[in-house]
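Engineer: Predicted model, plus sequence, below.
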Amino acid sequence: MSATQWAVTGIGAVAPEAGAEDGAWFDHRVRLGPRGYKYLPAAAQYLLAAARGALDDGGRCEAVPPERRGAALALNGGFAELFDTMDRQVAVEGGAAGLSPATAPYFAVSLLGSRLTAELALKAFALTLATPRVAALEAVEAGGRALAAGRCDTLVVGAAEHRLPGAPAGRGEQGAIAMTLEPRAAAEARGARVRGTVAARSLFVPPGRELPVGLVPGAVRRLLSDLDTAVEVHHVTDGSPFASAVGAEVDRAAGTTGRVIPAGAGCLAGAQALAGMLTGPPGTRLLLTATGEGHAALALVRTAPGPYRNSEKPHTSQKRETH
């Protein structure tokens, strides 16, 4: 059975420009507002700005009641700097009593979207995925299952990362991607511009085990089962033997050779590739993310010219005036 394709009605992106210095490219007072955001972890700031951009781009959550709005979010190392600071305070610098009341609530990656869900009234559910490198595509998959099960009518999918402690300047992933998903019929009924459709599937093979025969081709066939056109393939992988083996299986099943994009330290590269496909030229594309830990995820993206699509870049959140 083919996977359900969900309409993407808004995309927001936050990323440093080429050559931007770490820590200097994002001013929360300008991007989010002059008060109330200083102590949000950087990754949560990026995510909130990207989500606002997705709403400005056309993903109107207010089209449905708050209790029908969900969130599926992704993060790998984006809280590492904050966690290191907390650990140092507890273990070396005087104990838990010295933790800042403003940052202590962010003791777990599952709290990445706490401010986001409050501001956008995403009350149906909030799910955070942290699987190495593939979490962004897994968020699309898990969120899509929730849509299919009727747990929500509109969904915010987001991925955010912040540089890892000790990473060379400019080398760590920084920024966020957010997009809004909903059933295509609902999007078209309210006259929304649909950037494209997306469906995702994930798989896992425990480290040290051989890739089961038929596992990857089966996943590809389920995504491509109703296609009558050629598909472009793109890989975001870490160069590990497992990722290379999965990539070769995907290429064989799709009947083409995929373009390889190096994975970053976290899950943001996959999210950025997905956003690029949804805002790029019309076409049908299959995106693979895979990592040496045994995780892999696939996303099928379809975009087409017409009244419900354009090829603009992901929307950047508007800068806010400070006073």
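Structural biologist: Thanks, I have it. Numbering: from 1, shown residues only.

Engineer: can we go C-alpha only for contacts and neighbour counts from here?
Structural biologist: Noted.

Engineer: per-residue confidence averaged over stretch 128-144?
Structural biologist: What stretch 128-144 shows for mean pLDDT is 98.

Engineer: What are the boundaries of the helices in the protein?
Structural biologist: Taking DSSP state H, the helices of the chain run over residues 28-31, 42-56, 80-91, 114-119, 135-148, 184-189, 215-224, 241-254, 268-279.

Engineer: For residue 294, find the nearest of those helices.
Structural biologist: Nearest to residue 294, of all those, is helix 241-254, at 6.6 Å by C-alpha to C-alpha.

Engineer: Would you pull up how far stretch 137-152 lies from the middle of the chain?
Structural biologist: Between the centre of stretch 137-152 and the centre of its chain there are 13 Å (C-alpha atoms, centre = their mean, to the nearest Å).

Engineer: Check stretch 206-221 too.
Structural biologist: Relative to its parent chain, stretch 206-221 has a centroid offset of 24 Å by C-alpha atoms, centre = their mean.

Engineer: coming back round to it: can you tell me which of the helices of the chain has the worst average pLDDT?
Structural biologist: Ranked on mean pLDDT, the bottom entry among the helices of the chain is helix 80-91, at a mean of 90.

Engineer: neighbouring contacts of it?
Structural biologist: 41, 95, 96, 98, 99, 104, 107, 163, 164, 165 (C-alpha atoms under 8 Å, 6 or more residues apart in numbering).

Engineer: now do 6 Å
Structural biologist: 95, 96, 165 (C-alpha atoms under 6 Å, 6 or more residues apart in numbering).

Engineer: before we move on, back to that, let's have the helices of the chain in CSV, adding mean neighbour count.
Structural biologist: Converted to CSV, the helices of the chain look like this (neighbours: other C-alpha atoms under 10 Å):
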stretch, mean neighbour count
helix 28-31, 18
helix 42-56, 27
helix 80-91, 16
helix 114-119, 16
helix 135-148, 26
helix 184-189, 14
helix 215-224, 19
helix 241-254, 20
helix 268-279, 24
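
Engineer: Dump those helices into TSV; add distance to residue 62 as well.
Structural biologist: Shown next, in TSV, are the helices of the chain (distance: least, C-alpha to C-alpha, whole Å):
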stretch	distance to residue 62
helix 28-31	22
helix 42-56	9
helix 80-91	33
helix 114-119	12
helix 135-148	17
helix 184-189	13
helix 215-224	31
helix 241-254	39
helix 268-279	23
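
Engineer: Tell me which of the ones you listed sits nearest to residue 16.
Structural biologist: Closest approach to residue 16 among the helices of the chain is made by helix 42-56 (10.5 Å; C-alpha to C-alpha).

Engineer: Give the other helices and strands that that closest one contacts.
Structural biologist: strand 6-14, strand 154-161, strand 175-182 (3 or more C-alpha pairs under 6 Å, 6 or more residues apart in numbering; DSSP states H and E).

Engineer: Tell me who's in contact with residue 54.
Structural biologist: For residue 54, the contacting residues are 10, 11, 12, 179, by C-alpha under 6 Å, 6+ apart.

Engineer: mind checking how far it is from residue 65?
Structural biologist: According to C-alpha to C-alpha, to the nearest Å, residue 54 stands 18 Å off from residue 65.

Engineer: And residue 254, by the same measure?
Structural biologist: Counting by C-alpha to C-alpha - residue 254 and residue 65 are separated by 40 Å.

Engineer: deepest of the helices and strands packed on helix 42-56, which one?
Structural biologist: With neighbours taken as mean count of other C-alpha atoms under 10 Å, the helices and strands packed on helix 42-56 reach their highest mean count in strand 154-161, at a mean of 32.
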